[in-house]
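Colleague: Build me a model from this:
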Amino acid sequence: MTHPVLGIDHTFLLVNDLDQSAEAYRRLGFTLSPRGLHSAEKGTANHTIIFRHDYLELLGVVAETPANVAQRQRLAQQGEGLLAVANRTLSADAAKPALRALGIETGDVSAFSRPLPLPEGGSGIAAFRTLVFDAAQVPVGHFFLCEQQTPDMVWRPELQDHANGAQGLSAIIAVVADPQATAQAYARFYAKGAVDALDGGHRVATGDQSASLEFYDPQAFSSLFPSLDVIVQPNGGYAALRLFSRHLDDTKSALAAGDIPFVTTERGSILVKPQYTSGVVLEFVHG
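Modeller: Numbers count the residues shown, from 1 in each chain. Okay, the predicted model is just below:
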């Protein structure tokens, strides 16, 4: 049976205050979608930052409901940060039995939609079907499949031009005790999953035109980002997000215009500390 997981679709930050985070990301030089309000039952809303093949989502609780108790507890206990990886699939319904045949357990398929304001006026509907992996099999973070039923409503052309030059997700990075074992656990989740060694860590290739997952031990992560005072990573979440930029001069100019401090690393990348990004290290690399 064909493996149904084709790569990384998007990743999301769970944030304390959605309006404040949205303003912070605008200052970072990103173009944000209009606020998308989820169902009254969910009590959440989002902004998306759309790239060529994937995107970053800012997710916040806007009304307390029974459905978002766990999210509110996580924010209260651990703070905001990068918590989830959503993966591409052609069909969430077909993926469930296919994954079971591979020994990978999941929950039930869920469907939801949200209105999306259009630049010409009016609104459309963005619709999704999702399938959550069994948390006991997932070493880090919230991990699920996302079937994009209306991709043209998500990947709007007007949302893909960012002043900071951002073009897409390059890597989602976590600090773990055993990078090799963690990487091997994730590789089996992908049709083209493959592991290779890094200095003090391991990387998982996840598919075509798809970000990698990288796992480092604490010492290696500190060596990779020596300008950080401490490692900031929500329990069960990710510490850093690497983004491709069309030109790092654009990145520097946008950050300077937004009055955002940044560090140029020895390897030439641009680093923004988590106090300016709602809890995640942002690294921009040329690509």
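Colleague: Find the residue closest to Gln167 in space, skipping its chain neighbours.
Modeller: Phe244 (4.4 Å; Cβ to Cβ, 6 or more residues apart in numbering). Every residue, glycine included, has its C-beta placed from N, CA and C.
Colleague: so the one you found bridges to which residues?
Modeller: Bridge pairing for Phe244 (DSSP bridges) gives the partners Gly168, Val285.
Colleague: Confirm for me that it is in contact with Gly287.
Modeller: Yes: using Cβ atoms under 8 Å, Phe244 is in contact with Gly287, at 3.6 Å.
Colleague: So which residues of the stretch 101-250 of the chain form strands?
Modeller: 106-117, 123-133, 142-148, 166-175, 194-198, 201-205, 212-216, 240-245 (DSSP state E, counting those that start in this stretch).
Colleague: circling back: show me whatever sits in contact with both of Phe244 and Gly287.
Modeller: 167-168, 170 (Cβ atoms under 8 Å, 6 or more residues apart in numbering).
Colleague: now, which of those sits nearest Gln77?
Modeller: Ser170 (29.8 Å; Cβ to Cβ).
Colleague: show me the residues around that closest one that make contact.
Modeller: For Ser170, counting by Cβ under 8 Å, 6+ apart, the contacting residues are 211-212, 242-244, 285, 287.
Colleague: hmm, which of those residues are the buried ones?
Modeller: 211-212, 242-244, 285 (16 or more other Cβ atoms under 10 Å).
Colleague: Where does pLDDT dip in the chain?
Modeller: Within the chain, the ranges that satisfy pLDDT under 70 run 1, 230.
Colleague: The same query, at a cut-off of 80, please.
Modeller: 1, 39-40, 117-122, 229-236 (pLDDT under 80).
Colleague: for it, what spans make up the helices?
Modeller: 18-27, 69-78, 92-101, 151-154, 179-187, 218-224, 248-257 (DSSP state H).
Colleague: Which one, of those, ends up nearest to Thr2?
Modeller: Of the helices of the chain, nearest to Thr2 by Cβ to Cβ is helix 92-101, at 6.7 Å.
Colleague: Residues contacting the closest one, please?
Modeller: 1-5, 89, 105-106, 109, 129-131, 133, 145-147.
Colleague: who's in contact with the residue nearest to Tyr276 when sequence neighbours are not counted?
Modeller: In space, and not counting its chain neighbours, Tyr276 is closest to Ile260: 5.4 Å by Cβ to Cβ, 6+ apart. Contacts for Ile260 were tallied using Cβ under 8 Å, 6+ apart; they are 27-28, 272, 276.
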